[in-house]
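*Asks:* output the structure for:
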Amino acid sequence: MKVETTLSSAGQEFVDSVLALRPKVAVFDCDGTLWSGDSGADFFFWEIERGLIPADVIAWALPRYADYQAGNVAEEVMCGEMVTINAGTRDRRLEEAAEEFFASVVSERVFPEMLRLTHSLVDAGCELWAISSTNEWAVRAGVKRFGIPAERVLAAAVHIENDLATDRLVRVPSGPAKATAIREIIRRPVDVVLGNSIHDLAMLKIAGHAIAVNPNPDLEEIARAKDWNIYWPAGTKIL
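*Replies:* Numbering: from 1, shown residues only. Modelled structure (predicted):
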């Protein structure tokens, strides 16, 4: 896939600086790193608007999400529950919904530099992985645009039985669980990791080269203290 995007000089310099590392394996967070915003939360509300979640589940899930926003529900717990609320829905239907969602809601928020970078890495023979606490349906729909295949997506997921999503979690890669996923599934050194939040810290720490992209303030502070590379995609740095 040819990616035709015009980058600023800073954007091209960033892409070139990562390519110069000649990574064999690179891992990317998704929300805030490959594109702006929280696609997991967006998909949750998008599903509700389209009647894809039963009314009784919505009646529970909306107050639960408000509790999460108030700090009363742990990140990894909420991310898991935002996947299990789809129990009983056909996997194929969720895949189709996620594609429609990403194309209509998130695609315009993709960072051009990251799109150029991932495809350039693929062309250079680098193996790319995506690790995210967002549901795997939305993540797979998004990262295929970046040249990352579905089998290299480690996202919040449930077991599928008879083409139906269940309420039994496979994984929720958030915080330390992202590093665990690398050790247990990728099972070899990762040359480059790119992430934007404190939930990416554990996997950034085990990278050959850690890069903070569009970092939240807490991660930015750590990245500066550790002298990690920091990159702000065009339009993300608030002065």
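*Asks:* could you dump stretch 31-46 to PDB, C-alpha only?
*Replies:* This file holds the C-alpha atoms of stretch 31-46, laid out as PDB (Å, rounded to 0.1, in the frame of the first residue of the first chain):
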ATOM      1  CA  ASP A  31      -5.100   5.700  20.900                       C
ATOM      2  CA  GLY A  32      -3.200   8.900  21.200                       C
ATOM      3  CA  THR A  33      -0.200   7.400  19.400                       C
ATOM      4  CA  LEU A  34      -1.400   6.400  15.900                       C
ATOM      5  CA  TRP A  35      -4.400   8.600  16.000                       C
ATOM      6  CA  SER A  36      -5.900  11.200  18.400                       C
ATOM      7  CA  GLY A  37      -8.700  10.600  20.800                       C
ATOM      8  CA  ASP A  38     -10.000   7.600  22.700                       C
ATOM      9  CA  SER A  39     -11.400   5.200  20.100                       C
ATOM     10  CA  GLY A  40     -12.500   2.700  22.800                       C
ATOM     11  CA  ALA A  41     -14.800   5.200  24.500                       C
ATOM     12  CA  ASP A  42     -16.000   6.500  21.100                       C
ATOM     13  CA  PHE A  43     -16.900   3.000  19.900                       C
ATOM     14  CA  PHE A  44     -18.800   2.500  23.200                       C
ATOM     15  CA  PHE A  45     -21.000   5.500  22.600                       C
ATOM     16  CA  TRP A  46     -21.200   4.800  18.900                       C
END
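*Asks:* so what touches that stretch?
*Replies:* Outside stretch 31-46, the residues that touch it by CB atoms under 8 Å, 6 or more residues apart in numbering are 28, 30, 61, 65, 79, 82, 85, 98, 101-102, 105-106, 109-111, 114-115, 118, 130, 132-135, 137-139, 142-143, 146, 156, 194-197, 200, 213-214, 216, 233, 236. Placement of C-beta: from N, CA and C, glycine included.
*Asks:* taking the centroid of this protein, which residue is nearest it?
*Replies:* Cys30 (2.4 Å; CA atoms, centre = their mean).
*Asks:* if I look at the nearest residue to Ala212 once chain neighbours are set aside, how far off is Gln69?
*Replies:* Distances taken as CB to CB, 6 or more residues apart in numbering place Ala223 nearest to Ala212, at 4.0 Å, with adjacent residues excluded. Applying CB to CB, to the nearest Å, the value for Ala223 to Gln69 is 26 Å.
*Asks:* who's more crowded, these two?
*Replies:* Remark: of Ala223 and Gln69, Ala223 carries more neighbours, 20 against 11, as counted by other CB atoms under 10 Å.
*Asks:* got the contact list for the more buried one?
*Replies:* Counting by CB under 8 Å, 6+ apart, Ala223 has contacts 204, 210, 212, 215, 229-230.
*Asks:* 6 Å - rerun?
*Replies:* Taking CB atoms under 6 Å, 6 or more residues apart in numbering, we find Ala223 in contact with 212, 215, 230.
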